[in-house]
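Trainee: Quick one, what's the 3D model for this:
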Amino acid sequence: MAMKPWSMTNVSLLLPLLLLLLPHHLRLASTAADSVEATCKTIARDDPNVHYAFCVEALRRDPASGAADTKGLAVIAAKLSEKNATSMVAAATALLGKARRPPERRSLETCASAYGEAVEALGLSVGAIEEGRLDDAMTYLSASIGAADVCAQAFEELRVACPFPKQNMAAQQFCYVALCITHLLG
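Mentor: As a prediction, this is how the structure comes out:
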């Protein structure tokens, strides 16, 4: 005797099982989505240099962040930092092409160089995080934080306003977020 594939009896037997599993499934989805907020809350509480809203907004830019564990968030943050530093090299280089005064050109060259070194260090930090070499990763990330200060100081010495103060602050925030999340792994 053949049984009907989806008779009302089969559905009525499955319904209680589905109702039991649904809250568990929703809790797992919620846990992954809450991971960004919980991680950002923790690092913002532990380090005054990290701004919670910036952390959440930055990590949410990457669609993979919703399902990432702490290590995944550290990698995402380091990659975002690297991308940001790369854009800072481009911004300094673009202004360098327009700068006429030698002191201004030197300051822009300093910015481009500092951020260029940060790009290299941030790239190395991604690999170090992925490989579990956390001390190396934190060294690379810590070194990258200084690029914004080096850039700003190059203009302060001229007693001229830095052309990208907001970008420098964001660059530092990206690095602090990556460093603090990586620190959570250790």
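
Trainee: tell me the SS of Cys162?
Mentor: coil (DSSP: H, G, I helix; E, B strand; the rest coil).

Trainee: excluding its backbone neighbours, what's nearest it?
Mentor: Computed as C-beta to C-beta, 6 or more residues apart in numbering, the closest residue to Cys162 that is not its neighbour in sequence is Phe155, at 4.1 Å. The C-beta positions use only the backbone N, C-alpha and C, and glycine is treated the same way.

Trainee: Which strand or helix spans that neighbour?
Mentor: Phe155 belongs to helix 134-156 when assigned by DSSP states H and E.

Trainee: now that helix, how far from the chain's geometric center?
Mentor: Distance, stretch centre to chain centre, for helix 134-156: 15 Å (C-alpha atoms, centre = their mean, to the nearest Å).

Trainee: by contact count, what packs against the helix or strand that that helix is followed by?
Mentor: Per DSSP H and E, the first helix or strand lying C-terminal to helix 134-156 is helix 165-185. In terms of contacts (3 or more C-beta pairs under 8 Å, 6 or more residues apart in numbering; DSSP states H and E), helix 165-185 is packed against helix 8-46, helix 52-60, helix 70-96, helix 102-130, helix 134-156.

Trainee: what comes up buried for the second one?
Mentor: When you say that, I think you mean helix 52-60. Buried residues in helix 52-60, counted by 16 or more other C-beta atoms under 10 Å: Phe54, Cys55, Val56, Ala58, Leu59.

Trainee: Quick one: mean pLDDT over it.
Mentor: The average pLDDT for helix 52-60 rounds to 97.

Trainee: Export that helix to CSV, keeping only CA atoms.
Mentor: The C-alpha coordinates for helix 52-60 follow below in CSV (Å, rounded to 0.1, in the frame of the first residue of the first chain):
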residue,chain,number,x,y,z
TYR,A,52,31.0,51.6,19.2
ALA,A,53,29.0,53.1,16.4
PHE,A,54,32.0,53.3,14.1
CYS,A,55,32.8,49.6,14.9
VAL,A,56,29.3,48.4,14.1
GLU,A,57,28.9,50.5,11.0
ALA,A,58,32.4,49.5,9.7
LEU,A,59,31.9,45.7,10.3
ARG,A,60,28.4,45.7,8.8
